[in-house]
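> with the input below, show me the fold.
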Amino acid sequence: MGKIRIGIFGAGRGIDIAENLMLLDCEIVALCDFDESRRNAGLKRLGLDIAAYSDFDSFIEHGMDAIVLANYFHEHTPFAIKCFEKGIHVFSECISNSTMAQGVELIRAFEKSNSIYMLAENYPQMIFNREMKRICDGGTLGKVIYAEGEYNHPPCPDDVSFNKGFVYFAEHWRNYLPRAYYITHSLAPLMWSTGATPKKVSAMAAFSPLKEKATARLVGDRAAIITTLNDDNSVFKVTGCAAFGAHNNAYRICGENGQIENLRGMGEKVMLRYSEWAIPEGKEEVNLYDPSWNDSDEDNIRQSGHGGGDYIVARMFLDCIKDGRQPEHPYDIYSAINMSSVAILAHRSILNGGGCYDIPDFHLEECRKEYENDRQSPFFGTDGSQPNIPCCSKPDYRPTEEQLNNYRESMKD
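Below is the predicted model:
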């Protein structure tokens with residue numbers, strides 16, 4: 001096999017991914033973004049003289065083995081389907097689908113294709129999460145009973161410059177993002193480490209509007225606290241993208257015999273603890289340490305984004321292409337749609353007072369039938385579609401007129 005030819009759709013996050021693919025000796029052959037200034041900035045950053053497109057339908061005809069979908073958060077599905085129809089492999093930024101109907105459409109199109117699909121979820125490959133999986137696989141924790149995942153990313157209330165780069169019009173998806181939807185950074189590491197798949201979900205929101213100086217954000221919730229019951233009878237508690245306390249990514253896995261967690265505010269350190277009657281040979285009751293990568297690509301991993309995860313998931317995707325196989329749980333398409341379903345139905349649980357929802361199994365046609373026309377969405381679409389469900393636990397919440405005026409001013413040159 002010669003060099004794998006890859007196209008990048010989305011010249012923001014997509015450029016980060018492209019840089020890691022280039023380290024892995026891929027050929028980036030084309031770039032697509034609807035915005036000319038982002039296209040030009042992306043090409044400059046890559047330092048490549050390649051074709052650049054503003055239209056996806058022209059871009060997809062360029063001649064590529066795979067496409068990175070790094071466009072808007074909630075709009076990956078229709079473009080993934082176009083790739084499937086042409087036998088092009090897909091590396092999709094999360095989430096895979098933003099409505100339940102899209103999940104049905106995505107899986108039906110995938111099953112008709114010969115494309116490889118992988119969710120580009122990087123947090124499971126952070127060093128502490130890789131260590132948690134290693135310990136879980138080793139069996140010394142016993143059966144996993146409970147786990148927590150917390151992705152907490154509070155913004156600086158005075159940072160108005162963020163708007164111009166990341167929230168550059170009022171109907172942008174970030175202004176309508178329910179706290180439950182950005183789920184994969186908190187949920188995927190737990191699924192990766194334990195092998196469990198959520199089957200039921202319920203959630204409650206913590207409402208406390210951010211005191212941003214300039215914003216058009218219609219979500220006043222700080223966090224969605226999401227609980228899942230899994231196929232192995234374990235329970236997970238996770239957030240989506242939360243905004244409370246101090247910034248951290250925190251994970252904890254508890255088994256019958258012990259637990260392992262990364263420690264907030266202490267870099268890469270993990271704490272592995274056992275009950276005094278279940279200490280395995282060679283371990284202490286309390287083990288505090290910095291895990292090791294034990295990876296021949298450590299130099300490239302350490303210079304990569306998201307704690308090395310960006311490089312590792314890119315390598316995993318290329319290995320799947322070279323080997324002609326689909327990725328494993330939770331990177332495969334069924335797991336990706338499962339996580340999207342957790343996000344979507346957790347938000348419905350919030351809107352409906354915390355009720356419990358079954359997570360459908362889209363391996364089964366009867367589950368697909370149930371959701372094939374379910375297009376509830378809190379987002380505006382680039383196709384002109386309007387939100388048809390609230391994005392906040394308090395649907396009447398709005399930013400102040402002062403915040404809106406400051407937001408409009410922040411958009412000016």
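> what about this protein, any weak spots by pLDDT?
Along the chain, segments meeting pLDDT under 70 span 1, 413.
> go again with 80.
Counting by pLDDT under 80, the ranges of the chain that qualify are 1, 382, 413.
> any idea how it splits into domains?
As assigned by automatic domain parsing, the chain contains the domains 5-122+315-323, 124-295+332-371.
> now do the end-to-end distance for stretch 387-395.
Separation of the first and last residues of stretch 387-395 by Cα to Cα, to the nearest Å is 12 Å.
> off-centre distance for it?
Centroid separation between stretch 387-395 and its chain, computed with Cα atoms, centre = their mean, to the nearest Å, is 21 Å.
> residue 175: what's it in contact with?
Counting by Cβ atoms under 8 Å, 6 or more residues apart in numbering, residue 175 touches 167, 215, 216, 217, 218, 219. The way it works is simple: take the backbone N, C-alpha and C, and place the C-beta from them, glycine included.
> so it, which state does it fall into?
Following DSSP: H, G, I helix; E, B strand; the rest coil, the label given to residue 175 is helix.
> just the buried residues of stretch 351-362, please?
For stretch 351-362, a neighbour-count test (16 or more other Cβ atoms under 10 Å) marks 351, 357, 359, 360, 361, 362 as buried.
> now the two most distant members of those.
Spatial extent of the buried residues of stretch 351-362 (Cβ to Cβ) is set by the pair 351 and 361 at 23.4 Å.
> any idea which element the closest residue to residue 113 other than its chain neighbours lies in?
Nearest-residue entry for residue 113: residue 84, 3.8 Å, with adjacent residues in sequence omitted and distances by Cβ to Cβ, 6 or more residues apart in numbering. Using DSSP states H and E, residue 84 sits within helix 77-85.
> can you classify residue 39 as helix, strand or coil?
At residue 39 the chain is in helix, as set by three-state DSSP.
> my read: it touches residue 11, true?
Yes. Between residue 39 and residue 11 there is a contact at 5.3 Å, judged by Cβ atoms under 8 Å.
> so what's residue 83 up against?
When contacts are counted by Cβ under 8 Å, 6+ apart, residue 83 is found next to 60, 67, 69, 89, 90, 115.
> what residues are up against the residue nearest to residue 113?
By Cβ under 8 Å, 6+ apart, the residues touching residue 84 are 90, 109, 110, 112, 113, 115, 117.
> so which of the residues you listed are in strands?
Among the contacts of residue 84, the members falling in strands (DSSP state E) are 90, 117.
> farthest pair in the contacts of residue 84?
Greatest spatial distance in the contacts of residue 84: 90 and 112, 13.8 Å, computed using Cβ to Cβ.
> quick one: the helices in the stretch 201-350 of the chain?
Listed in chain order, the helices of the stretch 201-350 of the chain (DSSP state H, counting those that start in this stretch) span 298-302, 309-323, 333-351.
> out of those helices, deepest packed?
Of these, the one with the most neighbours on average (mean count of other Cβ atoms under 10 Å) is helix 333-351, at a mean of 25.
> so what does it touch, helix or strand wise?
Contact partners of helix 333-351 among helices and strands, from 3 or more Cβ pairs under 8 Å, 6 or more residues apart in numbering; DSSP states H and E: helix 100-111, strand 117-119, helix 184-194, strand 198-207, strand 221-230, strand 357-358.
> give me the angle between it and strand 198-207.
40 degrees (axes from the mean of the first three to the mean of the last three Cα atoms, to 10 degrees).
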